[in-house]
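Student: The following block contains a protein sequence and its predicted model.
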Number of protein chains: 2
Amino acid sequence: MSTDHDPALPDLGTRPDAAAPGANLLALRGHNTALVLGLLRAAGEEGVSRLELAGRTGLTPQAVSKITARLRADGLAAEAGRRASTGGKPRTVLRLVPGARHAVGVHLDRDELTCVLADLTGRPVAVRRAPLDFVAGAGTVLAAAAREVAALRDAAGGPPVLGAGVACPGPLDHATGVLRQVTGAPRWDGFPLRDALAEALGLPVVLDKDTNAAALGLRRAPAEAGGASFAYLHLGTGLGAGLVLDGDLYRGPHTGAGEFGHQVVQLDGPRCDCGRRGCVEALCLAAVARGDLAAAARVLGVAAANLVELLDVDRVLLGGRTVLAHPERFRDGVARVLADHAALRGRPGAGSAVPVALARGGARTVADGAAELVLTALFR
Amino acid sequence: MSTDHDPALPDLGTRPDAAAPGANLLALRGHNTALVLGLLRAAGEEGVSRLELAGRTGLTPQAVSKITARLRADGLAAEAGRRASTGGKPRTVLRLVPGARHAVGVHLDRDELTCVLADLTGRPVAVRRAPLDFVAGAGTVLAAAAREVAALRDAAGGPPVLGAGVACPGPLDHATGVLRQVTGAPRWDGFPLRDALAEALGLPVVLDKDTNAAALGLRRAPAEAGGASFAYLHLGTGLGAGLVLDGDLYRGPHTGAGEFGHQVVQLDGPRCDCGRRGCVEALCLAAVARGDLAAAARVLGVAAANLVELLDVDRVLLGGRTVLAHPERFRDGVARVLADHAALRGRPGAGSAVPVALARGGARTVADGAAELVLTALFR
DNA sequence: CCACTTTGGCAACGCTGTTGCCAAAGTGCA
DNA sequence: TGCACTTTGGCAACAGCGTTGCCAAAGTGG
């Protein structure tokens, strides 16, 4: 909110919103700085040299030198050894300083509150869990969140905290940070959770759906997430999806994208609570309830195959409590359906089936991803 | 190919590719220039003043003055009258000069070739149609395309042609411009159609799927296309979709997005040619074949509802020969399913159903959109 | 020990959008 | 009719961006 420059935080320039996408020099600098930071993060402990950064960004070596000099001055990057010489002066390796900043991730689930304090690489340096009654209403939830986050920060101390990413179930508006029509909790309808939490935590807050946060967190590991497009399917008490398309989280115009549970896969099938017939969620959870995991995985696989066909994603990741109860069963069952479909109709490109994997992080996938909601603003 | 500046074409700066997304000053200028051009085009014949451009882009009035001065020097924009005064000097209205450049759009269908010459607004200034046997192979197709495009350009004469957008059915790789696995035409498999056409036409060529081209063309009219996200469903001899998400055409990592025909909506349903069971395309076309349009529209509507739920799009547009044979029946039938589903489960935001409309342009939707494949590079 | 290669900083530069200033061109009131 | 005021938009000077030319530093290899 302050217009002054905070020396503890990197100046990434003005971030033009969608209504005013004109780019000025500050935006240019911010773009390139975030780009270099992103490559530094992707390089991990191995590091990158200035010339490698220049090659990957298309910037001149000199521009990279200036940018990395600013990052080093801000404490975000540091020199770390040298490469072997290839006949001349050996390259100096640059590395991200993970502990230079922290970000908070908060997962508000229906019955549990999970908070993580993550470093710049997204790795959690501290975790706290507490029971929660989400339906009880705003007062207790805000108090609990403030208490846990304060405890987390006290314990870890140290570097400045960039902000808090908050993930919660159900429909909400990411742009305004307002909840809407939370099933079974009408008193939350229309509640401005983002602003209330920002007030309670004393931090900038980014609010998003749990599935979106998880997908964003999984994007960090390209090797696991596949290419630039993948889908995270979350099967817990309900079924939802988080979509990363062309490298960016796709939220849809009203943050409504990823409503995966009520995809109809059986015309005139059994009636779902939502009123439709033949929804995946209903079919899948009914199969789980009667202990037929093979059928549950098969139904989930058919819906996943539909999604893969429609969006041409590179990978499908599975998570959520119900999946985690029998992870391999679900993974293998979904993979079989995708493989069968791929064999029927050659996929473009590789011609092989889209791989299915279990989401990393287990029960903490969402909380880790919530921190990424904040970190994403720094990197590109 | 030439590195020299062509005074007949606007210099939009270097367009960094995905592998080297670093932004330099040329890219900055190109971005802002394209942005202003896009606003000029959106303003249409009504025009925009410099200060309005400044307000919408976030750029300063002086920056807009410089940019528009360049555009006027290139002949792409012109002053056109004045607004009424609001107490001071009246604003000068700027307008895009539609005829300053042309673009070619080519629709290669299985049995017909349609070519359009479009001005900068995307409106066709000349159209040619010719029968075509796509399966016959590359030689005749290339010759026919070259002949028709040459005739089109001869007849219209005039301004420089920016390039040719080419739309054709079936799977292909947009990035490389290579066809793959065209059903029923194995000799096209792996054919580098883009480069061959560029050679034959003597123009830069952009190649894409017919559904993608159509969606891109429909994006031009925001009033019809709804917001920034919509889906175009094309029902002809097959069923496909073109997806515009967050204002950009979504192709997927391998140009495979939009494969909509083989979405399974009936587990264990009747077998489809593709080998699966219960595909929309099979169910829908079978219903059409037996004259049951209501059932066809309903099946299409259920698949459309799945897509709307998953991607949170603002609008669904229908096109293709089969739809055009009974346009209102399909539109109303699909709309009914979406309305029923929306009533069951309040859509986020408005709470009302996603509107369904017929794609503008009728049989020429794809050819018009193909020209837009080229024009898109100029605007933003 | 010297020639060569490669890295990366310094200084000058061209270009971008920005700012301060002012003429132009209207409105509205006396 | 005249004057004060408002608004538009160009001119000139400016700060800041990445780029270029140059050169010291730090290796390899004969």
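Tutor: Now that the structure is in, tell me what you want to look at. Numbering: from 1, shown residues only, chains lettered A, B, ... in the order given.

Student: what does the stretch 101-250 of chain A have sitting close to chain B?
Tutor: A:171, A:173, A:180-181, A:227-229, A:241, A:243, A:245-246, A:250 (CB under 8 Å from any CB of the partner chain). Glycine gets a C-beta too; all of them are placed from N, C-alpha and C.

Student: I'd like those laid out as TSV, including pLDDT.
Tutor: Shown next, in TSV, are these (pLDDT from 0 to 100):
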residue	pLDDT
A:171	90
A:173	94
A:180	87
A:181	76
A:227	71
A:228	84
A:229	93
A:241	98
A:243	98
A:245	96
A:246	92
A:250	97
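
Student: which two from those end up farthest apart in space?
Tutor: Maximum pairwise distance among these (CB to CB): 34.3 Å, between A:181 and A:227.

Student: which SS class is the residue most central in space within chain A?
Tutor: Among the residues of chain A, residue A:216 comes closest to the average C-alpha position under CA atoms, centre = their mean, at 1.7 Å. For residue A:216, the secondary structure call by DSSP: H, G, I helix; E, B strand; the rest coil comes out as helix.

Student: Next, count neighbours for the residue nearest to it when sequence neighbours are not counted.
Tutor: What sits nearest to residue A:216 in space, not counting adjacent residues and going by CB to CB, 6 or more residues apart in numbering or on different chains, is residue A:372, at 4.7 Å. By other CB atoms under 10 Å in any protein chain shown, the residues close to residue A:372 number 26.

Student: ok, now residue A:355?
Tutor: 16.

Student: quick one, what contacts the residue nearest to the centre of chain A?
Tutor: A:208, A:242, A:244, A:249, A:369, A:372-373, A:376 (CB atoms under 8 Å, 6 or more residues apart in numbering or on different chains).

Student: Roughly how far does it sit from residue B:370?
Tutor: 35 Å (CB to CB, to the nearest Å).

Student: for residue A:107, same thing?
Tutor: Distance from residue A:107 to residue B:370, counting by CB to CB: 47 Å.

Student: Looking at the two, which one has more neighbours?
Tutor: Between residue A:107 and residue B:370, counting by other CB under 10 Å, residue B:370 is the more crowded of the two (34 against 28).

Student: Report the separation between the more buried one and DNA strand D.
Tutor: Per CB to the nearest atom of the strand, to the nearest Å, residue B:370 is found 34 Å from DNA strand D.

Student: Quick check, that residue in contact with residue B:113.
Tutor: No - under the criterion of CB atoms under 8 Å, residue B:370 is not in contact with residue B:113, lying 11.4 Å apart.

Student: quick one: common contacting residues for those two?
Tutor: With CB under 8 Å, 6+ apart as the test, residue B:370 and residue B:113 both reach B:106-107.

Student: what's the neighbour count on residue A:362?
Tutor: Residue A:362: 11 neighbours (other CB under 10 Å).

Student: Please apply the same query to residue A:286.
Tutor: 15.

Student: can you tell me which residues contact the closest residue to it other than its chain neighbours?
Tutor: In space, and not counting its chain neighbours, residue A:286 is closest to residue A:270: 7.2 Å by CB to CB, 6+ apart. For residue A:270, the contact set (CB under 8 Å, 6+ apart) comprises A:277-278, A:282-283, A:286.
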